[in-house]
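Participant: sequence? don't have it. structure:
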């Protein structure tokens, strides 16, 4: 069994590579829910949906989120009424959120609803939210009026992650419990993979759920992380800026420092090959390979590299 800690586009692409080289029935994705929000009365789980849509081959390839072939009539009508429309929801995507919300209001857990959605798309792997309990990422942003806290989605979507961040916290983490199957998936896996996701706001919330970090640390020798930083920059999103703003180094060496307690091996891109000795100086074995998943073929090759990296 292969268990992947996942959040966002990078994780979804790696999982799409892994399903090409491993029996999907042997794959478990433990997915960040810190990005989740309630909007227009609907329960929205962006990372769970990005993983699901990507593996189903239904993701919008240009945006990297939402469904391909979307229309936006519901949002156009909402804007006509002057409603809150900063977070775009496509007409097809709304069906997912309507279903999730109705099931949740009927008493189903997020784990149960996610299993239904994954099955409906015909996917063979197991996708687990890290927790069924409240987990929300909040960021403190700097401004003319001093620092103040906003939700992750307001920072990421509403402000296009363009404002400096001085702190991040995970609301509810201290009281949250790992969702059923999460700890067992980590403890029993042949390999645990930390996907090339934002270490602060995608992997951070997963590790903040009590018991998860300890379970990963206990499996350190079997943990392979893939750096989300290539040549000092994030391929998508604000990971590079967040690392620097929160006192870390935006490089594969900085990633190695963050993950040294968790992972025995770090896969870095060819562009950072000259930094391999510095990565290993942090106590992490370094594997150099192409990590920019520009095609399904490259993603599959990276999946094979990860599987052989232990």
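Facilitator: Great, that's in hand. Please read these numbers as outputs of a predicted model, since none were measured by experiment.
Participant: Not counting its own residues, what contacts stretch 48-61?
Facilitator: Stretch 48-61 is touched from outside by 6, 8-9, 11-13, 15-16, 19, 29, 31, 33, 64-70, 93, 96, 114, 117-118, 121-123, 125, 127, 129, with contacts defined as CB atoms under 8 Å, 6 or more residues apart in numbering. From N, CA and C alone the C-beta is placed, and that goes for glycine too.
Participant: Could I get the contacting residues of the closest residue to residue 112 other than its chain neighbours?
Facilitator: In space, residue 112 comes closest to residue 103 once its chain neighbours are excluded; the distance is 7.3 Å by CB to CB, 6 or more residues apart in numbering. Listed by CB under 8 Å, 6+ apart, the contact partners of residue 103 are 112-113, 116.
Participant: on that earlier part again, in helices, which of the contacts of stretch 48-61 fall?
Facilitator: Among these, DSSP state H puts 8-9, 11-13, 15-16, 19, 93, 96, 114, 117-118 in helices.
Participant: Pick out the least confidently modelled helix or strand of this structure, by mean pLDDT.
Facilitator: Lowest on mean pLDDT, DSSP states H and E among the helices and strands of the chain sits strand 148-151, with a mean of 89.
Participant: What strands flank that strand, and is each parallel or antiparallel?
Facilitator: Here strand 148-151 has these sheet partners by DSSP bridges: strand 136-141 (antiparallel).
Participant: in the sheet, who's paired with residue 137?
Facilitator: residue 170.
Participant: Can I get the ones in helices among the contacts of stretch 48-61 in a markdown table including pLDDT, neighbour count and distance to residue 170?
Facilitator: As requested, the ones in helices among the contacts of stretch 48-61 are exported to a markdown table (pLDDT from 0 to 100; neighbours: other CB atoms under 10 Å; distance: CB to CB, whole Å):
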| residue | pLDDT | neighbour count | distance to residue 170 |
| --- | --- | --- | --- |
| 8 | 87 | 28 | 16 |
| 9 | 92 | 25 | 21 |
| 11 | 95 | 30 | 18 |
| 12 | 95 | 28 | 21 |
| 13 | 95 | 29 | 24 |
| 15 | 97 | 27 | 23 |
| 16 | 96 | 20 | 27 |
| 19 | 96 | 19 | 29 |
| 93 | 96 | 20 | 25 |
| 96 | 97 | 24 | 24 |
| 114 | 98 | 27 | 20 |
| 117 | 98 | 21 | 24 |
| 118 | 98 | 21 | 25 |
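Participant: surely residue 181 meets residue 128?
Facilitator: Yes. Between residue 181 and residue 128 a contact is recorded at 5.6 Å, counting by CB atoms under 8 Å.
Participant: Who has more neighbours out of these two?
Facilitator: Regarding residue 181 and residue 128, a neighbour count based on other CB atoms under 10 Å identifies residue 128 as having more, with 25 against 16.
Participant: list the contacts for the more buried one?
Facilitator: Residue 128 touches 28-31, 111, 114, 179-182, 185, counting by CB under 8 Å, 6+ apart.
Participant: cool, residue 275 as well?
Facilitator: Residue 275 sits in contact with 251-253, 268, where contact means CB under 8 Å, 6+ apart.
Participant: Who wins on neighbours among those?
Facilitator: residue 252 (30 neighbours).
Participant: That one and residue 267 touch, don't they?
Facilitator: No. Counting by CB under 8 Å, residue 252 sits too far from residue 267 to count as a contact (9.4 Å).
Participant: tell me, how many neighbours does the closest residue to residue 108 other than its chain neighbours end up with?
Facilitator: Leaving aside its chain neighbours, residue 108 sits nearest to residue 116 (8.0 Å; criterion: CB to CB, 6+ apart). Residues contacting residue 116 under the criterion other CB under 10 Å number 13.
Participant: so how far is residue 240 from residue 116?
Facilitator: From residue 116 over to residue 240 the distance is 36 Å, taken as CB to CB, to the nearest Å.
Participant: The closest residue to residue 203 other than its chain neighbours is in what secondary structure piece?
Facilitator: Closest residue in space to residue 203, ignoring its immediate chain neighbours: residue 197 at 5.4 Å, by CB to CB, 6+ apart. In the assignment (DSSP states H and E), residue 197 maps to no helix and no strand.
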